[in-house]
Each structure stands twice: as structure tokens, then as C-alpha cells.
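In: Here is my input; please provide its structure:
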Amino acid sequence: MALAATATLYTPDDLLALPEQGRYELIDGYLVERKMGAISSYAATNMLGLLWYFVHNHNLGLVFQANCGYQLFAEAPGRVRFADASFIRRGRLPEERPPQGYCQLAPDLVVEAVSPHDTAAELEAKIAQWLAAGVRLVWVLYPESKRLQIHRPDGTVTKLQTTDQLVGEDVVPGFQCQVADIFQGV
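Out: Numbers count the residues shown, from 1 in each chain. Okay, the predicted model is just below:
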């Protein structure tokens, strides 16, 4: 991620008003461009489709794509992050509807697809922030190597490859897919 060339400090409301809203995250008042390569986008879309289909057919909650922002970080109330996909289980949102503006409660599941220019430090920081904010599972897709990691709040990490099965555990109960299906066509 690269900091936008600006000395202006932005607020979450400023970010929401941008014409290219969803293309930037807000970190410590600065716009940080979210860059995603085509392969990462394709893998994230495959994951989003598999997840949405299951959640929708089982009436489990709401699935959001990459332009849904989250403003929920206690240590940085002005921070706004975007996941490549996310899920909030039924019963957590008022009237089971998305809020206006940013979500201010932690999604149950976050999906992050690693792009060619993501650094390990940036990725680790983002995973830690999601988990500290209350996310119950973070699925990290590595399209180049066709691998997936599952991060949990207790610090455990499970590494999967294309021959393995991804399951939703108690966060998306009943969900399962072959890891190879996420990277099909990559």
C-alpha cells in the first residue's frame, strides 16, 4: 500500500465523500491507496461468490464485497479499513440491514487477498487490527502460490493448500469448499 501524496489529514466522513470511495483506506488521517492486481481480484471474487452463495442459501447473514468500509478500531477511531470480502452473521445488524456509511461493528469473517505489492508487515498489521477489533476469522488468500491461511483471535494459524478443504468452523457453520475452487482459473 502506498500513501497518497497529500499533506491533508482526512476524516472518515471525508473518505466517504470521495468520488473514488473504496479505493482508499484511512490510516492515521492519511489516505492509503488499496491496490489489487487482477489475479488477486479474481481469487477474491471466487471466494466472495462461494461464500455469498452459501450464506444466502442458508440465510446466515450478510456478505459484503471490497467496497464496504469498517470503522471499528478502538485504538484509532478515525481508521477505516476495507476487506476484500466480509461476513456478518444474522442477528448482529439492526433489522438485518447494512448501515449507512461504514460498518461500526466487527464482521465475523474477513477475507484478504494478497496482491503483488503488499508487504508482509502491512499484511500482518492488517490481520492483527482485524482480530483486535473482534473479527473471529481472517482468511488470507495467496493467489500466486494458491494457498490460504486462516487466522484466529487466539493466535492459531492454519495453512491450507489446493488439496485441502476450507470450512467455516463455527463462524460460517456448514460452509465448506475445496481450496482449489477458490483459485480455479488463476
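In: what sits against I150?
Out: 137-140, 157-158, 160, 166 (Cβ atoms under 8 Å, 6 or more residues apart in numbering). For glycine as for every other residue, the C-beta is placed from the backbone atoms N, C-alpha and C.
In: And A133, by the same measure?
Out: Contact partners of A133, counting by Cβ under 8 Å, 6+ apart, are 70, 72-74, 106.
In: Select from those residues the one having the most neighbours.
Out: Among these, the one with the most neighbours (other Cβ atoms under 10 Å) is Y70, at 24 neighbours.
In: Run the chain-centre distance for the top helix by length along the chain.
Out: In the chain, taking DSSP state H as the definition, the longest helix is helix 38-57. Offset of helix 38-57 from its chain centre (Cα atoms, centre = their mean, to the nearest Å): 12 Å.
In: Pull up the pairing partners for the helix or strand just after that helix, direction included.
Out: Going down the chain from helix 38-57, the next helix or strand is strand 61-65, by DSSP states H and E. In the sheet, strand 61-65 lines up against strand 85-89 (antiparallel) (DSSP bridges).
In: Quick check: mean pLDDT of the partner strand?
Out: For strand 85-89, the mean pLDDT works out to 98.
In: any idea of the mean pLDDT for stretch 175-186?
Out: Computed over stretch 175-186, the average pLDDT equals 96.
In: Show the end-to-end separation of that stretch, please.
Out: Criterion Cα to Cα, to the nearest Å; first-to-last residue distance in stretch 175-186 is 22 Å.
In: Buried residues in it, which are they?
Out: For stretch 175-186, the neighbour count (16 or more other Cβ atoms under 10 Å) marks 175, 177, 179, 182-183 as buried.
In: From these, pick the one nearest A113.
Out: Taking Cβ to Cβ as the measure, I182 is the one of the buried residues of stretch 175-186 closest to A113, at 9.4 Å.
In: can you tell me how far the closest one sits from L141?
Out: According to Cβ to Cβ, to the nearest Å, I182 and L141 sit 6 Å apart.
In: for stretch 28-44, the distance to its chain's centre please.
Out: 11 Å.
In: now the strands for this structure?
Out: Remark: strands assigned in the chain by DSSP state E are 2-3, 24-27, 30-33, 61-65, 69-70, 81-82, 85-89, 109-113, 137-142, 147-151, 157-161, 165-167, 176-178.
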